[in-house]
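1. Predicted model, plus sequence, below.
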Amino acid sequence: MAQRIDVELTSTSPDGTWTWRAAGARQPKGVVGADVVPAGSEVGTFLRAEVERTIDGVSVVSLTTIPTKTAQRATETIELLGPARRGPDVNVIYAPKGRGRRSERDDDRGPRRDRVPTRRQGGEAAGGRADGRRAGPTRPGADRRDTPRQQRREGGRGPATSTAYRNAALAALPPEQLPVAEALLRGGIPAVRQAIEEQNARARADGRAEVAPEPLLAMAEQLLPAVNLAVWKDRAAAASAAGTGVTLRELRSIVTAASTVTLDEEGRTFLAALRTSLDQRVVALREAWTARITTALDEGRVTDALHTSARAPEHGTRLAADLAVRLADAAGAAMSAETDPVTWSAVLAAVVDAPVRRSVKPAGLPHGADEELLAAARRAAGYVPELARLLGIPIPPPPGPRRPPARRTGTAAGRAAG
């Protein structure tokens with residue numbers, strides 16, 4: 001589709017062609033034949049051009065003269081002077097964050113001005129905290145800032161997007177390569193193929209000659225490494241600027257994606273810093289996870305220690321051998337004949353989810369165990385083989401992979417076992 005812009009003639013050559021650039025641009029953008037340039041034109045003349053943008057670049061269809069005042073406006077600026085504006089007569093003061101618990105649905109419906117506070121918002125009387133937020137167990141090993149809901153509460157959704165390296169890469173390209181590079185940024189080689197097909201479809205409809213896709217695809221293959229590097233460096237720069245504000249998943253994704261691009265010296269510097277930050281955060285999470293398990297065992301909260309061990313900060317993270325033995329021994333001692341059935345059942349549920357379940361040796365079945373508890377113990381014998389010996393049944397084969405354990409809700413049985 002044709003478009004009108006103001007252009008400036010920048011030079012002429014012996015063969016009669018002229019170079020031109022958009023009004024206010026730094027570099028010439030193209031070449032036009034002498035038959036299109038109006039008579040009497042010279043270098044520096046501003047003209048109104050009708051151009052077409054295609055995958056090959058920008059081509060001039062026609063040039064016409066424009067009034068002198070319009071041409072002067074292309075290089076001059078006008079300062080608008082007017083009376084000073086008063087500021088608002090009302091000052092708005094926002095309440096501190098963290099007052100009350102709001103859901104994502106509440107955010108869509110606007111502020112809660114006319115709603116009656118609930119007991120949960122009232123504080124400790126409803127099991128909450130004095131600041132109105134709900135009290136409850138925190139998922140072990142979870143970085144609360146890494147969750148989308150927590151990012152929204154803190155006023156952000158991760159690191160800000162950076163386009164500095166993409167803009168610099170585009171600025172360094174000649175005009176004929178810009179459409180191909182922009183298509184690569186939109187969707188890689190498939191986006192270039194789609195742009196060529198759309199352009200050829202328009203050309204067939206207008207009765208014009210189609211472009212050959214091979215040279216353009218070859219150009220795209222040549223530009224692809226530089227484009228991919230610019231995109232990766234934008235992500236790396238944003239993550240470096242965000243610091244601990246970037247999610248652990250995004251940080252790991254950037255570090256992993258570095259293997260798919262050809263890094264330059266600056267890119268290798270980015271990668272080294274991001275990899276160091278990733279390692280430090282993973283080690284800190286693992287140490288905090290281990291410390292929570294150890295503290296729970298020291299305080300006699302065996303069920304809490306088992307639940308915490310089931311939620312490792314990283315997939316595949318294993319307990320240290322001495323801590324695993326201590327946890328299994330504590331769980332076995334907590335499942336003795338003197339333990340009340342409710343607590344014994346809660347410990348069994350935690351053991352089934354724990355990574356040390358096959359090493360736990362319950363000391364005995366609780367006195368007064370009903371049929372429901374014995375049925376639960378038989379079902380769990382595949383996870384805890386020592387239960388089969390207590391029940392006098394053959395050891396069943398290990399069950400298949402289990403789903404990740406659900407978040408605890410602080411049941412009475414769990415509190416009793418802790």
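-> That came in fine, so what should we check first?
2. which ones are touching the closest residue to Thr317 other than its chain neighbours?
-> Leaving out its chain neighbours, the residue that sits closest to Thr317 by C-beta to C-beta, 6 or more residues apart in numbering is Arg286, at 6.0 Å. To be clear about C-beta, it is placed using only N, CA and C from the backbone, and glycine gets the same treatment. Going by C-beta atoms under 8 Å, 6 or more residues apart in numbering, Arg286 touches Pro313, Glu314, Thr317.
3. Go ahead and report the secondary structure state at the second one.
-> Read that as Glu314. Each residue gets one of three states, and Glu314 gets coil by DSSP: H, G, I helix; E, B strand; the rest coil.
4. So the residue nearest to it when sequence neighbours are not counted: helix, strand or coil?
-> Sequence neighbours aside, Val282 is the residue nearest to Glu314 in space, at 6.1 Å (criterion: C-beta to C-beta, 6+ apart). Following three-state DSSP, we place Val282 in the helix state.
5. Okay, helices next: where are they in the stretch 251-400 of the chain?
-> 265-298, 302-309, 321-334, 341-353, 371-380, 386-391 (DSSP state H, counting those that start in this stretch).
6. would you list those in CSV and tack on mean pLDDT and distance to Gly207?
-> Output for the helices of the stretch 251-400 of the chain, formatted as CSV (pLDDT from 0 to 100; distance: least, C-beta to C-beta, whole Å):
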stretch, mean pLDDT, distance to Gly207
helix 265-298, 93, 47
helix 302-309, 93, 72
helix 321-334, 93, 77
helix 341-353, 92, 70
helix 371-380, 89, 75
helix 386-391, 87, 82
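7. so how far is the longest strand along the chain from its chain's centroid?
-> Looking across the chain with DSSP state E, the single longest strand is strand 2-12. The chain centroid and the centroid of strand 2-12 are separated by 42 Å, computed with C-alpha atoms, centre = their mean, to the nearest Å.
8. next one: stretch 288-306
-> Distance, centroid of stretch 288-306 to centroid of chain: 32 Å (C-alpha atoms, centre = their mean).
9. same thing with stretch 191-211?
-> Centre to centre, stretch against its chain (C-alpha atoms, centre = their mean), the figure for stretch 191-211 is 36 Å.
10. rewinding a little: which helices and strands does the longest strand of the chain pack with?
-> In terms of contacts (3 or more C-beta pairs under 8 Å, 6 or more residues apart in numbering; DSSP states H and E), strand 2-12 is packed against strand 18-22, strand 46-54, strand 57-65.
11. Tell me which of those strands approaches Ile293 most closely.
-> Closest approach to Ile293 among the helices and strands packed on strand 2-12 (C-beta to C-beta): strand 46-54, 62.2 Å.
12. and the angle from that closest one to strand 57-65?
-> 150 degrees (axes from the mean of the first three to the mean of the last three C-alpha atoms, to 10 degrees).
13. What's the separation between Pro38 and Thr45?
-> 8 Å (C-beta to C-beta, to the nearest Å).
14. Between these two, tell me which one has more neighbours.
-> Set Pro38 next to Thr45 and count neighbours by other C-beta atoms under 10 Å: Thr45 wins out with 19 against 11.
15. Excluding chain neighbours, give the residue nearest to that one in space.
-> Counting by C-beta to C-beta, 6+ apart, the residue nearest Thr45 is Leu9, at 5.0 Å.
16. circling back to that earlier point, can I get the helices of the stretch 251-400 of the chain in TSV with distance to Ala239?
-> Shown next, in TSV, are the helices of the stretch 251-400 of the chain (distance: least, C-beta to C-beta, whole Å):
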stretch	distance to Ala239
helix 265-298	6
helix 302-309	29
helix 321-334	33
helix 341-353	34
helix 371-380	44
helix 386-391	47
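17. Can you give me the separation between Leu323 and Leu285?
-> 16 Å.
18. Which of these two has more residues huddled nearby?
-> Set Leu323 next to Leu285 and count neighbours by other C-beta under 10 Å: Leu285 wins out with 20 against 17.
19. you'd agree that one is up against Arg292?
-> No: contact criterion C-beta atoms under 8 Å: Leu285 and Arg292 do not qualify, at 10.7 Å.
20. can you pull the pLDDT of the residue most central in space within the chain?
-> Centroid check for the chain by C-alpha atoms, centre = their mean gives Glu250 as the closest residue, at 5.0 Å. We have a pLDDT of 91 for Glu250.
21. Could you tell me the angle between the strand or helix carrying it and helix 265-298?
-> Assigned by DSSP states H and E, Glu250 belongs to helix 248-257. Helix 248-257 and helix 265-298 are oriented at 140 degrees to each other (the same axes, to 10 degrees).
22. just for the stretch 1-150 of the chain, where's the confidence low?
-> Scanning the stretch 1-150 of the chain for pLDDT under 70 picks out 1-2, 24-28, 55-56, 67-150.
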